[in-house]
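Novice: for reference, the sequence and a predicted model appear below.
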Amino acid sequence: MQKKYLILYLLIFNVLIFSISQHLGVKYIFRNTQFDKYLILTSSTQRTVIVYNMETEKIEYYFTNVGIFPAISYLDKNLLLIIDTVGTKLISLNLKTHEKNLKHLEKKPIFYQRDKDKVYILDTDGNLYGYSFTLHLEYYYKFLSAPNYFYIYKNYPLGLFIWKKEVDLEYKKKLYNFNLITPSFLVEDYVVDTRGGNILYLVNFKNYKTSPYISFVLNWNKKIYFGSMFSNEIYTIKNDKIELWKKLQYTPTNAKVINNKLYILSAPYNKLIVFNSNGNTKEFKTDKYPIDIFSYKNKVFVICAENGVINIF
């Protein structure tokens with residue numbers, strides 16, 4: 001009887017520790033997106049775009065020789081939109097009819113985001129375009145200068161400038177300087193200076209100083225959490241102060257909240273660390289260089305960029 005229980009325990013243990021691994025046949029899938037049950041995986045260096053069905057756990061479409069340097073791809077129903085940064089063009093593919101359309105851009109696109117049925121594209125001259133998936137121009141905005149990143153903040157474009165001594169932000173045609181180094185992304189009301197370890201609260205412009213090389217900032221259980229690749233620590237903002245939450249063994253490189261659990265990736269150590277709301281943790285090994293986490297229904301999909309592998313938990 002004890003032997004049966006031991007075997008059952010080992011089987012359960014293996015299910016918890018090991019994932020299903022699927023090799024996609026392409027390497028270096030560093031920029032990936034999700035639409036409903038589909039993952040859209042892009043290998044820029046190998047000029048390949050894959051549409052993967054998370055429900056069936058199978059590849060549905062596999063496109064090779066795409067553009068010159070496809071940076072990222074987005075899907076909306078049957079329309080696939082690919083941004084070719086080196087070729088300075090947009091590619092629209094209808095997955096059902098195989099119809100292909102191109103839109104050539106005047107300047108090189110440097111940053112992009114999707115918002116519902118539009119894809120916003122920022123170019124090197126500070127022009128911000130919003131295109132539909134049929135490549136119709138539906139939005140245009142011109143920044144005063146040429147930011148490196150943009151976000152839509154309270155229905156208005158916010159520009160972020162990295163490595164600029166004289167300016168950090170542009171908002172509503174005004175330039176602001178807070179002595180940041182690399183303000184790179186926006187989470188709710190917080191601008192994150194990844195290299196400098198600053199988190200700027202836009203409501204009152206309060207700057208929270210913390211460890212440098214911030215890899216993620218997110219809201220979990222109505223609190224802001226963020227991780228530092230310099231200290232290998234997770235912090236939270238509580239009572240208007242930064243507090244240490246957890247010290248990790250591994251470098252946190254990305255994170256996402258799924259089903260009220262905090263999933264943290266460590267790309268250089270090939271690890272997935274999962275925290276529940278009580279702070280208890282489980283650790284999983286992944287394939288090489290886990291870079292993204294996605295979920296569909298009760299499954300978690302970890303994209304391992306180096307060898308083009310999906311780990312399913």
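Specialist: On my side now, so go ahead.
Novice: for the rest of this, base every contact and every neighbour count on C-alpha atoms.
Specialist: Will do.
Novice: could you give the number of residues near residue 260?
Specialist: Per other Cα atoms under 10 Å, the neighbour tally for residue 260 reads 12.
Novice: please report the distance of it from residue 224.
Specialist: 14 Å (Cα to Cα, to the nearest Å).
Novice: repeat for residue 249
Specialist: From residue 249 to residue 224 the distance is 21 Å (Cα to Cα).
Novice: kindly export stretch 86-100 (C-alpha atoms) in PDB.
Specialist: The C-alpha trace of stretch 86-100 is given here as PDB (Å, rounded to 0.1, in the frame of the first residue of the first chain):
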ATOM      1  CA  VAL A  86      13.900  47.300 -41.700                       C
ATOM      2  CA  GLY A  87      11.700  47.100 -44.800                       C
ATOM      3  CA  THR A  88       9.700  50.100 -43.400                       C
ATOM      4  CA  LYS A  89       6.400  48.600 -44.300                       C
ATOM      5  CA  LEU A  90       3.200  47.000 -43.000                       C
ATOM      6  CA  ILE A  91       2.100  43.600 -44.300                       C
ATOM      7  CA  SER A  92      -1.600  42.600 -44.000                       C
ATOM      8  CA  LEU A  93      -2.500  38.900 -44.700                       C
ATOM      9  CA  ASN A  94      -6.000  37.500 -44.800                       C
ATOM     10  CA  LEU A  95      -5.600  34.000 -43.400                       C
ATOM     11  CA  LYS A  96      -8.700  32.700 -45.200                       C
ATOM     12  CA  THR A  97      -8.500  34.300 -48.600                       C
ATOM     13  CA  HIS A  98      -4.600  34.600 -48.700                       C
ATOM     14  CA  GLU A  99      -5.000  38.200 -49.900                       C
ATOM     15  CA  LYS A 100      -1.900  40.300 -49.200                       C
END
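Novice: what does it contact?
Specialist: Residues from elsewhere that reach stretch 86-100 (Cα atoms under 8 Å, 6 or more residues apart in numbering): 67-70, 78-84, 101-109, 133-135.
Novice: out of those, which end up buried?
Specialist: By neighbour count, with 16 or more other Cα atoms under 10 Å, the contacts of stretch 86-100 hold 67-70, 79-84, 107-109, 133-135 as buried.
Novice: what number of residues lie near the closest residue to residue 289 other than its chain neighbours?
Specialist: Spatial nearest neighbour of residue 289, chain neighbours left out: residue 267 (4.3 Å); criterion: Cα to Cα, 6 or more residues apart in numbering. Residues near residue 267, counting by other Cα under 10 Å, number 23.
Novice: with residue 152 instead?
Specialist: 14.
Novice: which strands or helices does the one helix or strand it maps to pack on?
Specialist: Assigning secondary structure by DSSP states H and E places residue 152 in strand 149-153. Where contact means 3 or more Cα pairs under 8 Å, 6 or more residues apart in numbering; DSSP states H and E, strand 149-153 is packed against strand 109-115, strand 156-160, strand 183-187.
Novice: turn these into JSON lines, including distance to residue 36 and mean pLDDT.
Specialist: Shown next, in JSON lines, are the helices and strands packed on strand 149-153 (distance: least, Cα to Cα, whole Å; pLDDT from 0 to 100):
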{"stretch": "strand 109-115", "distance to residue 36": "14", "mean pLDDT": "97"}
{"stretch": "strand 156-160", "distance to residue 36": "26", "mean pLDDT": "98"}
{"stretch": "strand 183-187", "distance to residue 36": "22", "mean pLDDT": "97"}
